[in-house]
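1. what's the 3D shape of this:
(one chain, ligands or ions: 2)
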Amino acid sequence: MIEISGLTKAYGDTRVLDGIDLTVADGQIAAVVGPSGAGKSTLARCINLLERPTSGSITVSGQDLAALSGKQLRLARREIGTVFQSANLLRRLTAAQNIALPMRHQGVPEAEIRRRVGDLLERVGMLQRANHYPSQLSGGQRQRVGIARGLALQPSVLLSDEATSGLDPDATRAILDLLTELRDDLGVTILVITHEMDVVRSIADHVAQLDHGRIVEQGAVADVVRRSDSPLSRALLPMPTVPAADGRRLWTLRYRGAVSPVWLSHAGRDLGDIAVLAALVEESGDTSVGRLTVGLDPRLDERRVVDVLADLGLAAEPVTSLRAVRAESAA
Ligand SMILES: Nc1ncnc2c1ncn2[C@@H]1O[C@H](COP(=O)(O)OP(=O)(O)OP(=O)(O)O)[C@@H](O)[C@H]1O
Ligand SMILES: [Mg+2]
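-> Ligands and ions are numbered 1, 2, ... in the order given. Now for the predicted structure:
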């Protein structure tokens, strides 16, 4: 569990982080998004203790990191593994040697190191490439080795700072699946820093938007995508353009979570014909995320539409005018 409270980081007179409050529960995946320069990497560096916060507290697994020094600090560092965008592998070391490095620094016995390196290589699907040097690996493979190295000291928290940036969609998918697997199998708490909204949609439980060193919006992804009037919600699920409504009444529907994939036909039994005019729907494991504009019979009672859809797990809201939808989709 990571608990950040009132975290401030200043360089000289410039406050790069300004009163950050963020909690990531055990075994959760949280995403921090935000524009370049917002302070995302600084936040990561404060959590993994590469930077000292100016004020505020960061508690990892019940331990207040700011209060530690010397040996305690070195011990606490082991609780937190980090993966960076460029994986930062040492060129002269093989994949296996890179993964072994943090354990060597900590004086882990050689036999134990060999065993754990084998396990980690297997876990990240790199056993066949154990003796390859970084220059002989693809970007996605280097990231896997970086993740294995981040896990070498069996941390309870894994920080990923743009670990999938610059990877192609398949390699990104493979890394995201790996992160989800680590969370599910090892119970690692994961903080993902990213500018890619599809990464957030597909793996995060919680999302926080950072801007100018402050969290301007945050919440469970399932809740945020259902918010009707929120910049983060629109960024997470941008709305496609809506064609003419053809005499029907326009509604916006949002959902995320265990919604039946056949909710549309269920809803149709109660609400009659449903014209799907625009939709963004993604399935990922047992979770689906969707945002749609649909046209319904204008004679339907508003309350009833909301209730029927709420029973199926969708938030529904009538669209006041087509212009409003277009304005929203353009935002
Ligand atoms: N050591 C430092 N000294 C002074 N200013 C710094 C230092 N490190 C970061 N900054 C400033 O802090 C701000 C936030 O930087 P940070 O690297 O955290 O942004 P970011 O959100 O990770 O951006 P990006 O998406 O481009 O990686 C920037 O304006 C940066 O110039
Ligand atoms: Mg950064």
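2. what's the end-to-end length of stretch 302-319?
-> Between the opening and closing residues of stretch 302-319 there is a gap of 11 Å (Cα to Cα, to the nearest Å).
3. likewise for stretch 280-291?
-> From its first residue to its last, stretch 280-291 covers 5 Å (Cα to Cα).
4. same question for stretch 156-175.
-> Terminal residues of stretch 156-175 lie 19 Å apart, using Cα to Cα.
5. show the average pLDDT along it.
-> The average of the pLDDT scores along stretch 156-175 is 88.
6. contacts for that stretch next, please.
-> For stretch 156-175, contacts defined as Cβ atoms under 8 Å, 6 or more residues apart in numbering pick out 2, 40-41, 44, 47-48, 60-61, 79-85, 87, 125, 138-140, 143-144, 146-147, 150-151, 176, 179, 182, 187-196, 199. All C-beta atoms are positioned from the backbone trio N, CA, C, and that covers glycine.
7. can I have the buried ones of those as a PyMOL selection?
-> Applied in PyMOL, the following selects the buried portion of the contacts of stretch 156-175 according to 16 or more other Cβ atoms under 10 Å:
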select buried, resi 2+40+41+44+47+48+60+79+80+81+82+83+84+85+87+139+140+143+144+146+147+150+151+176+179+182+188+189+190+191+192+193+194+196+199
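8. check the contacts of stretch 156-175 against ligand 1, which are close?
-> Restricting those to those adjacent to ligand 1 (criterion: Cβ under 6 Å from any ligand atom) gives 40-41.
9. in strands, which of the contacts of stretch 156-175 fall?
-> With strands identified by DSSP state E, the entries of the contacts of stretch 156-175 that belong to them are 2, 60, 80-83, 189-193.
10. mind listing what whichever residue of the chain sits closest to ligand 2 touches?
-> Relative to ligand 2, the nearest point of the chain is residue 41 (3.1 Å; Cβ to the ion). Neighbouring residues of residue 41 by Cβ under 8 Å, 6+ apart: 161, 193.
11. make 7 the first number, not 1, from now on.
-> Sure, I'll start counting at 7 from here, so that last one is residue 47.
12. quick one: it from residue 73, how far?
-> In this structure, residue 47 lies at 24 Å from residue 73, with Cβ to Cβ, to the nearest Å as the measure.
13. interface residues of the chain facing ligand 1?
-> By Cβ under 6 Å from any ligand atom, the part of the chain that sits against ligand 1 consists of 17, 22, 40, 42-48.
14. so where is this structure shaky, pLDDT-wise?
-> By pLDDT under 70, the low-scoring segments of the chain are 246-247, 249-251, 290-292, 327-337.
15. pick out the residue in the stretch 157-306 of the chain sitting closest to ligand 1.
-> Residue nearest to ligand 1 within the stretch 157-306 of the chain: residue 201 (6.1 Å; Cβ to the nearest ligand atom).
16. do I have it right that that residue meets residue 39?
-> Yes. Because the distance of 6.4 Å satisfies Cβ atoms under 8 Å, residue 201 is recorded as touching residue 39.
17. re the thing from before, going through the residues of the chain next to ligand 1, which ones are buried?
-> Those of the residues of the chain next to ligand 1 that meet the buried threshold are 22, 40, 44-48, by 16+ other Cβ under 10 Å.
18. show me the residues around the residue of the stretch 157-306 of the chain closest to ligand 1 that make contact.
-> The contact partners of residue 201, taken as Cβ under 8 Å, 6+ apart, are 39-42, 168, 171.
19. ranges for the helices of the stretch 57-206 of the chain?
-> Ranges of helices within the stretch 57-206 of the chain are 76-83, 101-111, 116-129, 145-157, 175-192, 203-209, based on DSSP state H, counting those that start in this stretch.
20. show me which positions of the fifth one end up buried.
-> By neighbour count, with 16+ other Cβ under 10 Å as the criterion, the buried positions of helix 175-192 are 177-182, 184-186, 188-189.
21. what's the most distant pair in the residues you listed?
-> Every pair in those was compared (Cβ to Cβ); the two farthest apart turn out to be 177 and 189, at 19.2 Å.
22. near ligand 2, which residues of the stretch 7-156 of the chain show up?
-> Contact residues of the stretch 7-156 of the chain with respect to ligand 2, defined by Cβ under 5 Å from the ion, are listed as 46-47.
23. repeat that for 8 Å
-> Selection of the stretch 7-156 of the chain residues close to ligand 2 by Cβ under 8 Å from the ion yields 42, 46-48, 50, 91.
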